[in-house]
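Novice: Got a predicted structure here, sequence first:
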Amino acid sequence: MRTPHFSALVFALLISNAVAAEPQKLWEASGFKQPESVVFDRAAGAIYVSNVNGDAMKKDGNGFISKLGPDGKVVAIEWVKGLDSPTGLAIANGKLYAADVDRIAEIDIAKGEVIQRYEAPGSKFLNDLTADKTGRIYASDMVMNSIWVLDGGKLSLLMQDDALDNPNGLLAEDGRLVVASWGKMAPDFSTKVPGHMKAVDLATKKVSALGDSTPAGNFDGVEPDGKGGYFVTDWVSGGLYQVAKDGKPTRILPLSKGSADLGLGPDGIILIPMMMDGIVAAYKGP
């Protein structure tokens, strides 16, 4: 028989565990201009942040990349200049890559400068980037419902499928891409039905849902959570989600609007660029 004291104790433990599971903020860096994506360079011990600094779909020459130390201290706000509206970032082959409207910029990390640009003819808004184990770079075109691949110095269209539901975040895994979908959107990026998590089989190009396809949010970045699931951000509603293997999302951290393309830093800390607030915040994961 359960006593009132026992029930109260169980309830208190459940509440305590729920509070303890929320990621705790470690540091916050400021001074950015619409920070959209964050990536950690383990080899250099640095954090890179893309800054749109204007209209995300406009080629205005205002964009740049910032460089931080692993502790969040700003090394250089305008570390790499000469970009338009950089969004997603990825590191491969000893280089930093940035999605930049309708092309991908290749950046020499040692020099801190753009050394090559790869055009994506017909693309409208290259958003997130992800690198696989072989060094191939995949890019989502959120507007055109397509995915591009940069392989061997050539950028080509991998696939175009409305089933992608305006893909935003990408994560390369063995044999597939995990996609954080924004949801079917109007020209102003609004959605009547928000997105959910999807996967693309790279051999067949088949798009499938992770889970039961229940609309979940206007998803942005996606990273592995180290437990077989994923960390995902919601740009419109704000927040960090943990998505289980079965695709079920749980909001584990409330955030303001503009929580964009997250990254994983040293010791697995979660790095979240707050695009509307001009900051990058680091959290200790659950």
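Specialist: Structure's in. What do you need? Residues are numbered from 1 along each chain as shown.
Novice: which residues does the residue nearest the centre of the chain contact?
Specialist: Central residue of the chain (C-alpha atoms, centre = their mean): Gly221, 2.3 Å from the mean position. Contact analysis of Gly221 by C-beta atoms under 8 Å, 6 or more residues apart in numbering lists Ser37, Asp128, Asn168, Gly169, Ala180, Val232, Thr233, Ala260, Asp261, Leu262, Gly263. Quick note: C-beta positions are derived from backbone N, CA and C, even for glycine.
Novice: So Ala105 is in contact with Ala120, correct?
Specialist: No: with contact defined as C-beta atoms under 8 Å, Ala105 does not reach Ala120; the gap is 11.6 Å.
Novice: Just the contacts of Gly221: which are in strands?
Specialist: Cross-referencing these against strands under DSSP state E gives Ser37, Asp128, Asn168, Gly169, Ala180, Val232, Thr233, Gly263.
Novice: Any idea what the closest residue to the residue nearest to the centre of the chain other than its chain neighbours is bridged to?
Specialist: Closest residue to Gly221 apart from its sequence neighbours, by C-beta to C-beta, 6 or more residues apart in numbering: Asp261 at 3.6 Å. Judged by DSSP bridges, the bridge partners of Asp261 are Ser37.
Novice: show me what contacts Asp261?
Specialist: Contacts of Asp261 by C-beta under 8 Å, 6+ apart are Glu36, Ser37, Val38, Thr87, Gly88, Leu89, Asp128, Gly169, Asp220, Gly221, Thr233, Pro273.
Novice: related to what we said a few turns ago, rebuild the ones in strands among the contacts of Gly221 as JSON lines, extending it with neighbour count and distance to Glu78.
Specialist: JSON lines is the format used below for the ones in strands among the contacts of Gly221 (neighbours: other C-beta atoms under 10 Å; distance: C-beta to C-beta, whole Å):
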{"residue": "Ser37", "neighbour count": "30", "distance to Glu78": "16"}
{"residue": "Asp128", "neighbour count": "29", "distance to Glu78": "22"}
{"residue": "Asn168", "neighbour count": "29", "distance to Glu78": "26"}
{"residue": "Gly169", "neighbour count": "31", "distance to Glu78": "26"}
{"residue": "Ala180", "neighbour count": "32", "distance to Glu78": "29"}
{"residue": "Val232", "neighbour count": "29", "distance to Glu78": "29"}
{"residue": "Thr233", "neighbour count": "30", "distance to Glu78": "25"}
{"residue": "Gly263", "neighbour count": "23", "distance to Glu78": "20"}
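Novice: for the stretch 151-286 of the chain, which spans come out with low pLDDT?
Specialist: Residues of the stretch 151-286 of the chain that meet the criterion pLDDT under 70 are absent altogether.
Novice: all strands of it, in order?
Specialist: 154-160, 167-173, 176-181, 183-185, 191-194, 197-201, 207-209, 219-224, 230-234, 240-243, 249-253, 263-264, 270-274, 279-284 (DSSP state E, counting those that start in this stretch).
Novice: Tell me, how many residues neighbour Glu106?
Specialist: Neighbours of Glu106 under the rule other C-beta atoms under 10 Å: 18.
Novice: Phi, psi for the closest residue to Lys58 other than its chain neighbours please.
Specialist: The spatially closest residue to Lys58, leaving aside those adjacent along the chain, is Ser85, at 6.0 Å (C-beta to C-beta, 6+ apart). When read as degrees, to the nearest 10, the backbone of Ser85 gives phi -140, psi 70.
Novice: same question, the one 10 residues further on
Specialist: Backbone dihedrals for Lys95, given as degrees, to the nearest 10, come out at phi -120, psi 160.
Novice: Quickly list what it is bridged to.
Specialist: Ala92, Asp108.
Novice: and it, what does it touch?
Specialist: Counting by C-beta under 8 Å, 6+ apart, Lys95 makes contact with Glu106, Ile107, Asp108, Ile109, Ile115.
Novice: wait, the last one sits on Ile107?
Specialist: Yes: shown here, Ile115 and Ile107 form a contact pair, counting by C-beta under 8 Å, at 6.9 Å.
Novice: and the two? which has more neighbours close in?
Specialist: When Ile115 and Ile107 are compared on other C-beta under 10 Å, the one with more neighbours turns out to be Ile107, at 24 against 10.
Novice: How about that one, nearest residue that isn't a chain neighbour?
Specialist: Leu96 (4.1 Å).
Novice: Could you do Leu68 as well?
Specialist: Per C-beta to C-beta, 6+ apart, closest to Leu68 is Ile47, 4.1 Å.
Novice: The helix or strand hosting the one you found versus strand 270-274: what angle between them?
Specialist: For Ile47, the element it lies in under DSSP states H and E is strand 46-51. Here strand 46-51 points in a direction 20 degrees away from that of strand 270-274 (axes from the mean of the first three to the mean of the last three C-alpha atoms, to 10 degrees).
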